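[1] let's see this in three dimensions:
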Amino acid sequence: MTAATLLDLSFSALADPTRRAILRRLAQGETTVAELAKPFPISAPAISRHLRVLEAASLIRQEREGQFRRCRLDPAGLQTAAMWLDFYRGFWSESFDRLGEYLKTTQPVLTKRKARSHGKRKAAGH
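    Now for the predicted structure:
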């Protein structure tokens, strides 16, 4: 699976509030599917579909343990999404820094223009 495909699957999986709630629960530690499903007002098959989406996105892993399935977080999908977000966080941070520097250099010019135009209005009004 390519990094771009994994990224698409990760963000698609994270778009759903139920799946985000499942991930929040799994951040506390691994658990069985039955325990994981308890707080949700949806059917067991619906929970299983959500888990399959999360697993396909490499956000969780499921393992058979006797008659139970245990789930835990899988850092691979989260790491891919985090790396993508970090890149754009850096991009926007640099862009805002450059904008801040630009505004600092133009501020004196804008202040002088404002003062001149304000003075003209005063003179015209008197």
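[2] how near is the spatially most central residue of the chain to Gly66?
    Ranked by distance to the mean C-alpha position of the chain (C-alpha atoms, centre = their mean), the top residue is Leu85 at 7.0 Å. Leu85 is 38 Å from Gly66, where distance means C-beta to C-beta, to the nearest Å. For the C-beta atoms, the positions are set from N, CA and C on the backbone; glycine is no exception.
[3] circling back: pLDDT at the residue nearest to the centre of the chain, what is it?
    Predicted confidence (pLDDT) at Leu85: the value is 85.
[4] repeat for Thr32
    pLDDT for Thr32: 93.
[5] for Thr31, which non-adjacent residue is closest in space?
    Computed as C-beta to C-beta, 6 or more residues apart in numbering, the closest residue to Thr31 that is not its neighbour in sequence is Cys71, at 6.3 Å.
[6] what distance do you get for the residue nearest to the centre of the chain to Arg49?
    26 Å.
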